[in-house]
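*Asks:* Below: sequence and its predicted model.
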Amino acid sequence: GMLRADSAGFVFRLIFLSGAALTTLFVLENPEVGQRGEFYILLLVSTLGMNLMAASADLIMLYLAVETTSIPLYVMAGFVTRDQKSVESGMKYLLFGAMTSAVMLYGFSLLYGFTGTTQIYEQAALLRTGELPVISVMVAALLVLAGFSFKISAVPFHFWAPDVYEGAPTPVAGFLSTASKAAGFIVLLRVLLGVFPDMLPYWSLTLGIMATASMFVGNFLALAQKNIKRMLAYSSIAQAGYILIGVAAGSQLGSTGATYYLMAYLVTNLAAFGVVAVVGSKLGSDEISAYAGLSRRSPGLALVMLAALLSLGGIPPFAGFIGKLLVLAAAVEVNLIWLALVGVINSIIALYYYLNVLKVIYVGRSEGDEQALSFDRTWTTALLICAVGVVVLGVIIAPWYGWSFGAAQTLIIH
C-alpha cells in the first residue's frame, strides 16, 4: 500500500521522464558535464525518486522518494567543481534543502502521532474522528507545506532559486525549474487533498497568500535582472505562484489547470533554458546584453526563444496561455476573484521583462552579429521538440486536457 497506481501518477511520470530525456539531449554537448557518465546516473536516480514521489501513498515512502530526488540534485547543481559559482550553488541548495526536509519530516511525524498510521489516504478519516484541535492539525499542515514549498520555490522558501539557477550547469537549472517543480506540486496536491480535505478553507487562504507573494516577488525582482538565468529563476518563482492559484482553488478544475500548466511549463522553460545553454556555450556569457542581434546570428534560436517567452507571458496561441486560463478560471469558479485579478495583473507585469529580452534579441545590435551561430544536432533536436510542444499544447488542447482532467479526478476522489 505504499505506492498508488493512478492517472495522476501516470501523467506526472510522463512529465518527469520527458524532462529527463530532454535534459539529457541538452547535456550531451556540454563539455564540462556531458562526457561524464556519473552525471547520467545522478539524473536517473533523481528521476526515479520523482516517479516514486508521484505514486507515493504513504508518508515513509514519500519521504524516502523526496530524499532520493533531492540528494542527486544537490550534486548535479554543484557538478562543475572548477567553477566557484557551481560549487556555491550546490552547497546552498544542500543546506537549505536539508533544513526544509527536516521541517517536513517533523510535520510527517506529527501526522503519524495524531493518526497512528502513515497511509496518506487513511489519515483524513482518522483526523476527522480523532477530535483533535484544529490548531494542532494546522501546525502539522504548515510544517509539511514548508517542505513542499521549498521544492516548488514558492515565497517565503524561494531564496535559494536565483543563486542555484545561476551557478548550476544550465541544463541542470532547466531540469530543476521544471521536473523538480512538478514533483513538488504533485505531492502538494496529493497530501493536501488526501490528508486535509476538511481544512480546505484554511489551506486555500494560506496558498492564496503564498501565490500572491510569489507572483509579486518573482515578477518585480525579475524586472531588475541583467543575467538571463537569474531572470528566469525569478520568473520561475512567479510561475510557481500562478500554478498555486490552481492548487488554492482546491477543486477538480484547479487540479486540472495546475497539471496542464505543469505540462506546458515543462516544454516552455526547457526551451528557454536550452537557448540559454546554446548561447552561453557559444558566446561565453549569460548576460541579457549578449543576446543583442541573436535574430541575425541564428533566426531559429531567436524564434524558439520568442515562443518560450511569449508562452511564459501567457500569450496565445502558445501553451502558457491555456495553463493560465485554466488556473484563473478555477479561481473564479470557487469565488477567489481577488486571486484571479492578482494573477492577471502579474501576467501584465511579467510581459515587460519578457518583451525586453525579445527587444534585445530582435532590435539590439552588437559587434559581429552577422556571424552565424552553429550548434550540434542534439541541441537542434531538443529545441525543436520543445518548440513544437509549446505550440501543440497551445493549439491542440483536448488530449492534454483529458489527461489533466483524469489526473485531477484521481487526486480528489479516493
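*Replies:* Happy to help now that I have it.
*Asks:* From now on I want contacts and neighbour counts done on CA atoms only, so please keep to that.
*Replies:* Will do.
*Asks:* how much space between the residue nearest the centre of the chain and Ser289?
*Replies:* Nearest to the geometric centre of the chain sits Lys181, at 3.1 Å (Cα atoms, centre = their mean). Counting by Cα to Cα, to the nearest Å, the separation of Lys181 from Ser289 is 28 Å.
*Asks:* what about the one helix or strand Gly241 maps to, average pLDDT?
*Replies:* Per DSSP states H and E, Gly241 falls inside helix 228-249. For helix 228-249, mean pLDDT is 94.
*Asks:* name the helices or strands packed onto that helix?
*Replies:* helix 161-167, helix 200-223, helix 252-283, helix 319-333, helix 337-362 (3 or more Cα pairs under 8 Å, 6 or more residues apart in numbering; DSSP states H and E).
*Asks:* Measure how that helix sits relative to helix 319-333, angle-wise.
*Replies:* Going by axes from the mean of the first three to the mean of the last three Cα atoms, to 10 degrees, helix 228-249 is angled at 30 degrees with respect to helix 319-333.
*Asks:* can I have helix 228-249 written out in PDB, keeping just the CAs?
*Replies:* C-alpha atoms of helix 228-249 as PDB (Å, rounded to 0.1, in the frame of the first residue of the first chain):
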ATOM      1  CA  ILE A 228      19.200  35.800 -18.000                       C
ATOM      2  CA  LYS A 229      19.500  32.800 -15.800                       C
ATOM      3  CA  ARG A 230      18.700  34.900 -12.700                       C
ATOM      4  CA  MET A 231      15.800  36.500 -14.600                       C
ATOM      5  CA  LEU A 232      14.400  33.000 -15.500                       C
ATOM      6  CA  ALA A 233      14.900  32.000 -11.800                       C
ATOM      7  CA  TYR A 234      12.700  34.900 -10.600                       C
ATOM      8  CA  SER A 235      10.300  34.100 -13.400                       C
ATOM      9  CA  SER A 236      10.200  30.500 -12.100                       C
ATOM     10  CA  ILE A 237       9.200  31.800  -8.600                       C
ATOM     11  CA  ALA A 238       6.300  33.800 -10.200                       C
ATOM     12  CA  GLN A 239       5.300  30.800 -12.300                       C
ATOM     13  CA  ALA A 240       5.000  28.800  -9.100                       C
ATOM     14  CA  GLY A 241       2.600  31.500  -7.900                       C
ATOM     15  CA  TYR A 242       0.400  31.100 -10.900                       C
ATOM     16  CA  ILE A 243       0.300  27.300 -10.500                       C
ATOM     17  CA  LEU A 244      -0.500  27.700  -6.800                       C
ATOM     18  CA  ILE A 245      -3.700  29.600  -7.800                       C
ATOM     19  CA  GLY A 246      -5.000  26.300  -9.200                       C
ATOM     20  CA  VAL A 247      -3.900  24.400  -6.100                       C
ATOM     21  CA  ALA A 248      -5.500  27.000  -3.800                       C
ATOM     22  CA  ALA A 249      -8.900  26.600  -5.600                       C
END
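*Asks:* picking that back up, out of the helices and strands packed on helix 228-249, nearest to Leu384?
*Replies:* Nearest to Leu384, of all the helices and strands packed on helix 228-249, is helix 252-283, at 8.5 Å by Cα to Cα.
*Asks:* list the buried ones in the closest one?
*Replies:* Neighbour counts over helix 252-283 (16 or more other Cα atoms under 10 Å) mark 252-281 as buried.
*Asks:* Isn't the residue nearest to the centre of the chain up against Ile152?
*Replies:* Yes. Judged on Cα atoms under 8 Å, Lys181 makes contact with Ile152 at a distance of 4.6 Å.
*Asks:* Give me the contact list for stretch 129-139.
*Replies:* Gly107, Leu111, Phe114, Thr115 (Cα atoms under 8 Å, 6 or more residues apart in numbering).
*Asks:* same check, this time on stretch 396-408
*Replies:* By Cα under 8 Å, 6+ apart, stretch 396-408 touches 6-9, 11, 252-253, 255-257, 259-260, 393.
*Asks:* Apply 6 Å and report the result again.
*Replies:* With contacts defined as Cα atoms under 6 Å, 6 or more residues apart in numbering, stretch 396-408 is touched by Ser7, Ala8, Gln252, Ser255, Thr256, Thr259, Tyr260.
*Asks:* quick one: buried residues of it?
*Replies:* For stretch 396-408, a neighbour-count test (16+ other Cα under 10 Å) marks Trp400, Tyr401, Trp403, Ser404, Phe405, Gly406, Ala407, Ala408 as buried.
*Asks:* Same check on stretch 203-216?
*Replies:* Buried residues in stretch 203-216 (16+ other Cα under 10 Å): Trp203, Ser204, Leu207, Gly208, Ile209, Met210, Ala211, Thr212, Ala213, Ser214, Met215, Phe216.
*Asks:* Tell me the spacing between the last one and Leu145.
*Replies:* Phe216 sits 20 Å away from Leu145, going by Cα to Cα.
*Asks:* swap in the third one?
*Replies:* To Leu145, Leu207 is 9 Å away according to Cα to Cα.
*Asks:* Would you mind listing the residues touching both of these two?
*Replies:* Common contact partners of Leu207 and Leu145 (Cα under 6 Å, 6+ apart): none.
*Asks:* how about the buried residues of stretch 396-408, which pair is most distant?
*Replies:* Top of the distance list for the buried residues of stretch 396-408 (Cα to Cα): Trp400 and Ala408, 12.3 Å.
*Asks:* Can you name the residues that contact Val304?
*Replies:* For Val304, the contact set (Cα under 6 Å, 6+ apart) comprises Ala387.
*Asks:* Show the pLDDT at it.
*Replies:* 94.
*Asks:* same deal with Asp198?
*Replies:* We have a pLDDT of 83 for Asp198.
*Asks:* And the helices in the stretch 51-200 of the chain, which stretches?
*Replies:* Using DSSP state H, counting those that start in this stretch, the helices of the stretch 51-200 of the chain run over 59-77, 84-115, 120-129, 134-152, 161-167, 170-175, 181-195, 200-223.
*Asks:* Could you tell me the least trusted of the ones you listed?
*Replies:* Ranked by mean pLDDT, those bottom out at helix 120-129, which scores a mean of 85.
*Asks:* how about the CA coordinates for it, as PDB?
*Replies:* The C-alpha trace of helix 120-129 is given here as PDB (Å, rounded to 0.1, in the frame of the first residue of the first chain):
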ATOM      1  CA  ILE A 120      -2.000   9.100   3.300                       C
ATOM      2  CA  TYR A 121      -5.500   8.100   2.200                       C
ATOM      3  CA  GLU A 122      -6.400   6.700   5.700                       C
ATOM      4  CA  GLN A 123      -5.300   9.800   7.600                       C
ATOM      5  CA  ALA A 124      -8.200  12.100   6.500                       C
ATOM      6  CA  ALA A 125     -10.800   9.800   8.100                       C
ATOM      7  CA  LEU A 126      -8.700   9.300  11.300                       C
ATOM      8  CA  LEU A 127      -8.200  13.100  11.700                       C
ATOM      9  CA  ARG A 128     -11.900  13.600  11.200                       C
ATOM     10  CA  THR A 129     -12.800  11.100  14.000                       C
END
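*Asks:* Kind regards, and thank you for your time.
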